[in-house]
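Trainee: Have a look; sequence and predicted model below, questions after that.
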Amino acid sequence: MLAHSIKRSSCYSFNSILRTLLKSGNFEKALHHFVQFRDQGFLPDNYTIPSLLKLLHDLHQPLHYRENIHSFAIKNGYLKDIFVTTGFVEMYFSFGCVASSRQLFDETPIKDVVLWTAMVSGFSHNGSGDLAVNFFSQMVGEGVKPNRITLTSVLAACSQLMVPNLGRSVHGFSIRNGIFSSDVLLETAFVDMEMIYENLREPESSILASLLQVCGGTSDLRHGREIHGHVTRSCRNMNSYMMVENNALIDMYAKAGDLNSAVLLFENVKNKNLVTWTTMISGYGMHGLGTEAAEAFNAMKKTGIIPDGVTFIALLSACSHGRLVDEGLQLYISMQRDYKIEPDMKHFACMVDIYARSGLLDQAFSFIKKMPVEPSEFIWASLLSSCRTYKNVVLGEQAAIKALAFNQYNTRVYILLSQLYADSGQWEDFSKVRLVMKDLGLKPTTAQSWVEVERKIYIFTVRDNMNPYSEKMYKLLETLTETMHKEGFVAYRSSGCHDITKEEKEHYKKSWIKRPVIFGWKSPY
């Protein structure tokens, strides 16, 4: 019994390490790890096999290696696991062995959405659009709800078959099920399909606006530029853009970090409406340019356009990011006095943020107490966040209590409070908060940062050394940090990394955020 338990534990550790190595792209090290594991007398289990298939795929190993794994899985009864079966279905499709994938699918008694999707995607990628559509219809008919990958694959199949009505039916299905508006990959597939159908006609403005909104929200500048290219190619000149596309493009570029392109687009719009001005004001604000946002507002007023409540949210937010306390207060007063706009919870939150970000925590608290409505959970959490920044423990505790009154399972509030205690050196209180979190079953989310290189996402976490380029990145990061210190830059040192040594604190706290920058800059790709 003990030996069996040890083996299970070892398999679990092996699978975890193997997945991490594969995720970081370190395929050679993953293969070496597997060989070592096998030489120690351990055999793959049902969790190992899908990772092993991915490893062989990424190392471009021939089919017969994978067929051997298939035989091993059959012998040990692992094909009863649908996760394993799906891995083999995808494997055979990748080699064009459509019949083998179909046989595996037919022999599987219980089929989930992942297996169905593997079939639809596999048929589509192998040029069998008709089978992809048929399997999609069967899937829906059996009550299995498709996911975004299923829908993207069937849209690609519809493009192959040139069946516009069916493709639009899939589009309607995705909208009714709340999938279309939340996924840029699916939206791009639909736009591409429509352009094929209509001989590269201009897609509907609502579709483009939805796509651009997703790109901006995810800082996906590459896809945003591709969509901009679609718009440019379908118009004779800048002035022929529809207003909704202009506004969506300005918003996308600002949110994705390319403010210069947003400003250029804005300046080329001749007939700016309220949304155009508000979008640009918001763009300036999110980049910390409160003065420029105020100048844009004054320019808007000269054109005779009347601001609304959304415009003032953008303005107040800009003042918050720009630490413009007096200007923000004047705008808040003007909104009510000159434009008869009654503030709502978002305006109140902006004002609290204006005071709190500037370190005026007492004024922020006073404003909250004078609000005509009960402050929201978000407002209290926002105040707590600023209390952590300025190490105001007394007020931070009050804000935390108020926020937790709305939801005692709000992990973010506990994390902020514990970090406030840690930053203030109150380790006993820090431990108490973490103990409460443990009792409630709450776990802090592992901080991550990422970078996209050559259309592949690379993720970095605290104390992650699995990336094959980690050593080079750390050395370059140390060099840059030393140079920054020589130039007079002093980094904020959080005590949040309480479970590692003093030397590690600064190293890891900085590096998980900055490593993507280093990797993207010096990537071998």
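Mentor: Right, received. Where do you want to start? Residues are numbered from 1 along each chain as shown.

Trainee: make it CA atoms for all contacts and neighbour counts henceforth
Mentor: Fine.

Trainee: In contact with the nearest residue to residue 120 once chain neighbours are set aside, which residues?
Mentor: Nearest residue to residue 120, sequence neighbours excluded (C-alpha to C-alpha, 6 or more residues apart in numbering): residue 132, at 4.5 Å. Contacts for residue 132 (C-alpha atoms under 8 Å, 6 or more residues apart in numbering) come out as 119, 120, 121, 122, 123, 124, 153, 154, 157.

Trainee: hmm, who's touching stretch 271-285?
Mentor: 246-247, 250-251, 254-255, 259, 262-263, 266, 290, 292-294, 296-297, 300, 305-307, 310-311, 314-315, 317-319, 321-322.

Trainee: how does it look with 6 Å?
Mentor: Here stretch 271-285 makes contact (C-alpha atoms under 6 Å, 6 or more residues apart in numbering) with 247, 251, 254, 293, 311, 314, 318.

Trainee: Equivalent analysis for stretch 352-372, please.
Mentor: 320, 323, 325, 386.

Trainee: now, which of those sits nearest residue 92?
Mentor: Checking the contacts of stretch 352-372 against residue 92 by C-alpha to C-alpha gives residue 386 as the nearest, at 54.5 Å.

Trainee: I'd like the distance between that closest one and residue 401.
Mentor: 15 Å (C-alpha to C-alpha, to the nearest Å).

Trainee: With neighbour numbers in mind, choose between those two.
Mentor: It is residue 386, of residue 386 and residue 401, that has more neighbours when counted by other C-alpha atoms under 10 Å, with 23 against 17.

Trainee: Just the pLDDT for the more buried one.
Mentor: Residue 386 is assigned 96 on the pLDDT scale.

Trainee: Just to be sure, it is in a helix?
Mentor: Yes: looking at residue 386 with DSSP: H, G, I helix; E, B strand; the rest coil, it is inside a helix.

Trainee: if we can go back for a sec, in ChimeraX, select just the buried ones from the contacts of stretch 352-372.
Mentor: Here is the ChimeraX selection string for the buried members of the contacts of stretch 352-372, based on 16 or more other C-alpha atoms under 10 Å:
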select :320,323,325,386
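
Trainee: Columns distance to residue 108 and secondary structure on top of the contacts of stretch 352-372, output as TSV?
Mentor: Formatted as TSV, the contacts of stretch 352-372 follow (distance: C-alpha to C-alpha, whole Å; DSSP: H, G, I helix; E, B strand; the rest coil):
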residue	distance to residue 108	secondary structure
320	58	helix
323	61	coil
325	65	helix
386	55	helix
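
Trainee: And the contacts of stretch 352-372, which two are furthest apart?
Mentor: 325 and 386 (15.0 Å).

Trainee: Name the helix or strand of the chain that has the lowest mean pLDDT.
Mentor: Of all the helices and strands that make up the chain, the one with the lowest confidence by mean pLDDT, DSSP states H and E is helix 502-522; it has a mean of 49.

Trainee: about what we covered before: next, format the contacts of residue 132 as a markdown table and append distance to residue 397 and neighbour count.
Mentor: Conversion of these to a markdown table gives the following (distance: C-alpha to C-alpha, whole Å; neighbours: other C-alpha atoms under 10 Å):
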| residue | distance to residue 397 | neighbour count |
| --- | --- | --- |
| 119 | 54 | 26 |
| 120 | 53 | 29 |
| 121 | 52 | 27 |
| 122 | 55 | 27 |
| 123 | 58 | 25 |
| 124 | 56 | 24 |
| 153 | 51 | 26 |
| 154 | 53 | 30 |
| 157 | 57 | 27 |
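
Trainee: taking those residues one by one, which sit in strands?
Mentor: Judged by DSSP state E, strands contain none of those.

Trainee: now, among those residues, which is nearest to residue 94?
Mentor: Among those, and counting by C-alpha to C-alpha, the member closest to residue 94 is residue 122, at 7.6 Å.

Trainee: Would you mind measuring from the closest one to residue 441?
Mentor: For residue 122, the distance to residue 441 - C-alpha to C-alpha - is 40 Å.

Trainee: ok, which stretches of the stretch 401-525 of the chain are helices?
Mentor: Assigned by DSSP state H, counting those that start in this stretch, the helices in the stretch 401-525 of the chain fall at 411-423, 427-440, 470-486, 502-522.

Trainee: Show me how the chain divides into domains.
Mentor: The chain resolves into domains spanning 202-271, 450-525 when parsed by automatic domain parsing.

Trainee: which stretch in the ones you listed is the model least sure about?
Mentor: Among these, domain 450-525 carries the lowest mean pLDDT (a mean of 60).

Trainee: Would you mind pulling the contact partners of the helix or strand encompassing residue 294?
Mentor: Following DSSP states H and E, one finds residue 294 within helix 290-302. Residues from elsewhere that reach helix 290-302, judged by C-alpha under 6 Å, 6+ apart: 281, 284, 318, 319, 322.

Trainee: Sort out which residues of stretch 423-430 are buried, please.
Mentor: 423, 424, 430.

Trainee: now the residues you listed in TSV, with distance to residue 406?
Mentor: Compiled in TSV, those are given as follows (distance: C-alpha to C-alpha, whole Å):
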residue	distance to residue 406
423	25
424	26
430	22
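
Trainee: pLDDT score for the closest residue to residue 129 other than its chain neighbours?
Mentor: In this structure, residue 129 finds its nearest non-sequential neighbour in residue 157, 4.3 Å apart by C-alpha to C-alpha, 6+ apart. Residue 157 carries a pLDDT value of 83.

Trainee: which residues touch residue 153?
Mentor: residue 121.

Trainee: Against residue 87, how distant is it?
Mentor: Distance from residue 153 to residue 87, by C-alpha to C-alpha: 17 Å.

Trainee: now do residue 355
Mentor: Distance from residue 355 to residue 87, by C-alpha to C-alpha: 54 Å.

Trainee: who has more neighbours, those two?
Mentor: Neighbours per residue (other C-alpha under 10 Å) separate residue 355 from residue 87, with residue 355 holding more: 26 against 20.

Trainee: Could you measure from that one over to residue 272?
Mentor: Relative to residue 272, and taking C-alpha to C-alpha, residue 355 is found at 32 Å.

Trainee: cool, and residue 425?
Mentor: Taking C-alpha to C-alpha, one finds residue 425 at 53 Å from residue 272.

Trainee: Ok, residue 288 next?
Mentor: 23 Å.

Trainee: now swap in residue 345 and tell me
Mentor: 28 Å.

Trainee: Turn the buried residues of stretch 423-430 into a markdown table, including distance to residue 371 and pLDDT.
Mentor: Conversion of the buried residues of stretch 423-430 to a markdown table gives the following (distance: C-alpha to C-alpha, whole Å; pLDDT from 0 to 100):
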| residue | distance to residue 371 | pLDDT |
| --- | --- | --- |
| 423 | 30 | 92 |
| 424 | 30 | 92 |
| 430 | 31 | 94 |
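
Trainee: Closest one of those residues to residue 141?
Mentor: residue 430 (53.7 Å).

Trainee: in terms of contact, does that closest one touch residue 420 like I think?
Mentor: No: between residue 430 and residue 420 there is no contact under C-alpha atoms under 6 Å: 8.2 Å.

Trainee: all strands in the protein, in order from the N-terminus.
Mentor: According to DSSP E, the strands that the chain contains are 448-453, 456-461.

Trainee: per-residue confidence at residue 84?
Mentor: 87.

Trainee: tally of neighbours for it?
Mentor: 21.

Trainee: do residue 222 as well
Mentor: 13.

Trainee: got any ranges where the stretch 51-200 of the chain has weak pLDDT?
Mentor: 55-62, 65, 163-166, 168, 171-172, 175-200 (pLDDT under 70).

Trainee: Please enumerate the helices of it.
Mentor: Using DSSP H, counting those that start in this stretch, helices in the stretch 51-200 of the chain cover 63-75, 82-94, 98-107, 113-125, 129-141, 148-161, 164-176, 184-197.

Trainee: list the helices and strands the fourth one packs on?
Mentor: Yep, that's helix 113-125 we're talking about. Counting contacts by 3 or more C-alpha pairs under 6 Å, 6 or more residues apart in numbering; DSSP states H and E, helix 113-125 packs against helix 129-141, helix 148-161.

Trainee: The same query, at a cut-off of 7 Å, please.
Mentor: Helix 113-125 sits against helix 82-94, helix 129-141, helix 148-161, with contacts defined as 3 or more C-alpha pairs under 7 Å, 6 or more residues apart in numbering; DSSP states H and E.
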